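Asks: how would this look folded up:
(one chain, ligands or ions: 1)
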Amino acid sequence: MGGQWPSTGARKLRDALSLWQVPTEVEAFATELFDGLPPRYDGLAEVLSFGQNRRWRAELVRHIEAPSGGLVLDVATGPGGVAVALRRGTGAAVVGLDLTYEMLRKASKRLGEGSGVHLVQASGTRLPFPDCSFDAVSFTYLLRYVSDPAQALTELVRVLRPGGTIASLEFAVPGGPLRWPVWWVYTRLLLPAWGSALGGREWWRVGRFLGPDISRHYRRFPVQWQLRAWTAAGLDQVEHRIMSQGAGVVMWARKRGGAV
Ligand SMILES: C[S@@+](CC[C@H](N)C(=O)[O-])C[C@H]1O[C@@H](n2cnc3c(N)ncnc32)[C@H](O)[C@@H]1O
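Replies: From the prediction side, this is the model:
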């Protein structure tokens, strides 16, 4: 954990040693999808969301509570933007966990020594931590890349201490006669086109994937489903905020059981 992210040689050794965590089909897909994005990820995530990604993140961080000597887990940390904001916002040490090696390498370059953010490569569906080991947990854009979102939630809640806070950020689908068509044209046509123009083949691919996947995922797991799943996973005081005309949703809650 922490420090320089391993070189390619060390990566191969680590991959060989960690074969016990055989990736699922959807994890292999996510790894491949995200492997080529890191070089331009931070800039393009902001440009292609018209700066909304930054607003959504800030809202998520606002709902994470942890003591300054505490420990926060950020799942699907990618290049570490949320993890850094959590470190700044809480003063707690942060563990940034992600499936994709290249994302973590990018995060490692951004962080350097003494950042207070420690990186771990693993799946959010099989966390290598004991029960109740974190004061707070956050996750961003994760559940669309797991085969069983309810099970993934249970796993995230497992490592949270009773009374601890959890918050997430996800895409959503705007409703209404004006907002939906505008969103549809943006996600189906403009996102892949602009992604390709600004980021090349990798961003074209992710742009083509994202729009239909957001619709598919949201049809199966709308906000009402999420609210029920969070409660069923052992969370109380589940609240949410729909943002940017319905394009994003931030959700937060507290784990049942602890002194509040
Ligand atoms: C859209 S990126 C978000 C990155 C970051 N949270 C941000 O907001 O900038 C989604 C991230 O989820 C990661 N991911 C996908 N499936 C995962 C899983 N099962 N466990 C952990 N990370 C996963 C990907 O590797 C990718 O870095």
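Asks: where does the stretch 151-260 of the chain dip in pLDDT?
Replies: 259-260 (pLDDT under 70).
Asks: quick check: the residue of this protein nearest the ligand.
Replies: Gly78 (2.5 Å; C-beta to the nearest ligand atom). The C-beta positions use only the backbone N, C-alpha and C, and glycine is treated the same way.
Asks: so which strand or helix has that residue?
Replies: Per DSSP states H and E: Gly78 is located in neither a helix nor a strand.
Asks: contacting residues for the closest residue to it other than its chain neighbours?
Replies: Nearest residue to Gly78, sequence neighbours excluded (C-beta to C-beta, 6 or more residues apart in numbering): Met103, at 4.7 Å. By C-beta atoms under 8 Å, 6 or more residues apart in numbering, the residues touching Met103 are 34, 37-38, 41, 77-79.
Asks: give me the three-state assignment for the nearest residue to Val159 once chain neighbours are set aside.
Replies: Of all residues not flanking Val159 in the chain, Phe129 sits nearest, at 4.8 Å (C-beta to C-beta, 6+ apart). Under DSSP: H, G, I helix; E, B strand; the rest coil, the three-state class of Phe129 is coil.
Asks: what about Phe129, how many neighbours?
Replies: A count of nearby residues for Phe129, using other C-beta atoms under 10 Å, gives 16.
Asks: wait, isn't it in contact with Leu160?
Replies: No - assessed by C-beta atoms under 8 Å, Phe129 is found out of contact with Leu160, at 10.1 Å.
Asks: which neighbours do the two share?
Replies: Joint contacts of Phe129 and Leu160 (C-beta under 8 Å, 6+ apart) are Leu73.
Asks: okay, the longest helix belonging to the chain in PDB with CA atoms only?
Replies: Scanning the chain for the longest helix, with DSSP state H as the assignment, gives helix 201-220. What follows is helix 201-220, C-alpha atoms only, in PDB (Å, rounded to 0.1, in the frame of the first residue of the first chain):
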ATOM      1  CA  ARG A 201     -10.200   5.400 -29.800                       C
ATOM      2  CA  GLU A 202     -10.400   4.500 -26.100                       C
ATOM      3  CA  TRP A 203     -12.700   7.400 -25.300                       C
ATOM      4  CA  TRP A 204     -14.800   6.700 -28.400                       C
ATOM      5  CA  ARG A 205     -15.300   3.100 -27.100                       C
ATOM      6  CA  VAL A 206     -16.300   4.200 -23.600                       C
ATOM      7  CA  GLY A 207     -18.500   6.900 -25.000                       C
ATOM      8  CA  ARG A 208     -20.400   4.400 -27.200                       C
ATOM      9  CA  PHE A 209     -20.700   2.000 -24.200                       C
ATOM     10  CA  LEU A 210     -21.800   4.500 -21.600                       C
ATOM     11  CA  GLY A 211     -25.100   6.000 -22.900                       C
ATOM     12  CA  PRO A 212     -26.900   2.600 -23.500                       C
ATOM     13  CA  ASP A 213     -25.400   1.200 -20.400                       C
ATOM     14  CA  ILE A 214     -26.600   4.000 -18.200                       C
ATOM     15  CA  SER A 215     -30.100   3.500 -19.600                       C
ATOM     16  CA  ARG A 216     -29.900  -0.300 -19.200                       C
ATOM     17  CA  HIS A 217     -28.600  -0.100 -15.600                       C
ATOM     18  CA  TYR A 218     -31.000   2.600 -14.500                       C
ATOM     19  CA  ARG A 219     -34.000   0.600 -15.900                       C
ATOM     20  CA  ARG A 220     -33.000  -2.300 -13.700                       C
END
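Asks: which strands and helices sit next to it?
Replies: helix 25-35, strand 160-171, helix 191-199 (3 or more C-beta pairs under 8 Å, 6 or more residues apart in numbering; DSSP states H and E).
Asks: before I go, just wanted to say thanks for your time.
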